[in-house]
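> Here's my sequence, what's the structure:
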Amino acid sequence: MADLFPDTLPEGAAQPEPRADAPLADRLRPRALGEIVGQEHLTGPEGAIGRMVAAGRLSSMILWGPPGTGKTSIARLLADAVGMRFVAISAVFSGVADLKKAFTEADKAAEAGQRTLLFVDEIHRFNRAQQDGFLPFVERGTVTLVGATTENPSFELNAALLSRAQVLILHRLDAAALGKLLDKAEALQGPLPLTGEARAALVASADGDGRFLLNQAETIYAARVDEPLDPVALGSFLQRRVAVYDKDREGHYNLISAWHKSLRGSDPQAALYYLARMLVAGEEPLFVLRRLVRAAVEDIGLADPQALQQCLAAKDAYDFLGSPEGELAIVQACLYCATAPKSNAAYKAQKAAWRSAKDTGSLMPPQSILNAPTKLMKDIGYGRNYAYDHDAEDGFSGADYWPEEMEPQSYYDPVERGFEREVRKRMEWWEKRRRELRGDA
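Numbering: from 1, shown residues only. Sure thing, here's the model as predicted:
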């Protein structure tokens, strides 16, 4: 929830009442941990926070979750619950001087017997050196650190800092939790002028963000609507929330991962859903097409060679048509890949062959298959006894093409699906002919 509290509250001080003209989200802020909605897995008696409060002692923690899920409120109420002095700073607006001041004041408070909970909002925005600055004060207990972040701590926070703090994950607020927030708003402000369907649409538009939901509700209250709005009227009255999708952040990688795995898992409906999520949120279509090409060669391969052609054709069609018409070509390629037979045999073969190349170094191929453009090279045996396959029966000589110091390897193992079934038959026939020509049959 949004907060309008002072940055520092002494130990045991009660949270001040918000002003009458404060935003609705602030007037509805929880007054106790039990009033936090949607995070009962943390704040309940069996949750990590509930257990710490019951014991009367907090450990440093990182609260990781989407916007509007209660991270700031939890931090403030934690300080109240265990009688700690509360200090809040934001990594967006604070620098080294602010941190030094906070630590100095915490040291003085400790001498007076006051423990300090230091809440750092957007902690991932501090650079690595600044994050390292927390370590000595956390280690010796000068402060109990509670950091809040919307980004994956594994990527954004120092390993040393993470090793000294628990990472607690806050859930995106579901429809039931968001409904409770609207119930509280209506208890304070009166019924929202919405039909039942419009109320459900308002909850859905929040995309799990409680603060956004209450801000939208406040906008509706302020408009003093005469007749209840239906979903269509609500949609024209309010702008729908833009999906959370930072192209260089975890939301980006989560959707790409979900999409790729849906393609691999032959679920065209889920693949189409995640494709829509990305494109609607503003993802660059050419990035999506590059990932689609990768899926075609990694997860389909020769089980359906046309998959790669479909993806490249979709890229050309998008280049030619642009948005939004060209996006249909991306959809077509997506559906083709999702419904194609799957094989990662080429992908596995590449990895195995690359390992062999690194392990074997610079072994010389057999002299019989080396070109001999000069007399000297012919004299020393280059090209001698080369078997020209087109002259052999069935167009197959069965020659050994491997370096003398290396046993023949098997990297590519076609699957019994799609076109690779035919490739497998060919390879089995060639192997049978090799054994016959060697006299092993």
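
> At the geometric centre of the chain, which residue sits there?
Note on the chain: the residue nearest the mean C-alpha position is Asn254, at 2.6 Å, using CA atoms, centre = their mean.

> Okay, and Leu118 sits in which element?
For Leu118, the element it lies in under DSSP states H and E is strand 116-121.

> which helices and strands does that strand pack with?
With contacts taken as 3 or more CB pairs under 8 Å, 6 or more residues apart in numbering; DSSP states H and E, strand 116-121 sits against helix 71-82, strand 85-90, helix 96-111, strand 144-149. For every residue, glycine as well, the C-beta is placed using N, CA and C.

> Excluding chain neighbours, give the residue nearest to Glu122 in space.
In space, Glu122 comes closest to Ala91 once its chain neighbours are excluded; the distance is 4.4 Å by CB to CB, 6 or more residues apart in numbering.

> Next, the contact list for that neighbour, please.
For Ala91, the contact set (CB atoms under 8 Å, 6 or more residues apart in numbering) comprises 120-126.

> Pick the one among these closest to Ile74.
Asp121 (11.9 Å; CB to CB).

> Isn't that closest one up against Phe93?
No. Between Asp121 and Phe93 no contact is recorded; they are 9.3 Å apart, counting by CB atoms under 8 Å.

> Name the residue in the two with the higher neighbour count.
Asp121 (21 against 10; other CB atoms under 10 Å).

> dump the residue contacts of that one.
Residues in contact with Asp121 (CB under 8 Å, 6+ apart) are 71-72, 88-92, 148.

> Mind pulling the model confidence for it?
Asp121 is assigned a pLDDT of 93 by the prediction.

> Next: Ala243.
Turning to Ala243, the model gives it a pLDDT of 53.

> For the stretch 1-150 of the chain, give me the ranges with low pLDDT.
1-18, 20 (pLDDT under 70).

> can we see that at 50?
1-6, 12 (pLDDT under 50).

> picking that back up, any idea which of the helices and strands packed on strand 116-121 is most buried?
strand 144-149 (a mean of 25; mean count of other CB atoms under 10 Å).

> That strand - contacts with which helices or strands?
Against strand 144-149 (3+ CB pairs under 8 Å, 6+ apart) you get strand 61-64, helix 71-82, strand 116-121.

> What pairs with it, parallel or antiparallel?
Strand 144-149 sits in its sheet next to strand 61-64 (parallel), strand 116-121 (parallel), going by DSSP bridges.

> residues in contact with it?
So strand 144-149 is contacted by 58-64, 71-72, 75, 78, 84, 115-124, 134, 138, 156-157, 164-165 (CB under 8 Å, 6+ apart).

> ok, now with 6 Å
Outside strand 144-149, the residues that touch it by CB atoms under 6 Å, 6 or more residues apart in numbering are 58, 60-64, 71, 75, 117-121, 123-124, 138.

> Now for those residues: which two are most distant?
Leu58 and His124 (21.0 Å).

> if you skip the residues just before and after it, what's nearest to Pro231?
Spatially, and ignoring its direct neighbours in sequence, Pro231 is nearest to Ala201 (4.5 Å; CB to CB, 6+ apart).

> hang on, isn't the one you found packed against Val232?
No. Using CB atoms under 6 Å, Ala201 makes no contact with Val232, being 9.3 Å away.

> can you list contacts of the longest helix seen in the chain?
In the chain, taking DSSP state H as the definition, the longest helix is helix 420-438. Residues outside helix 420-438 that contact it (CB under 6 Å, 6+ apart): 302-303, 343, 396, 398, 414, 441.
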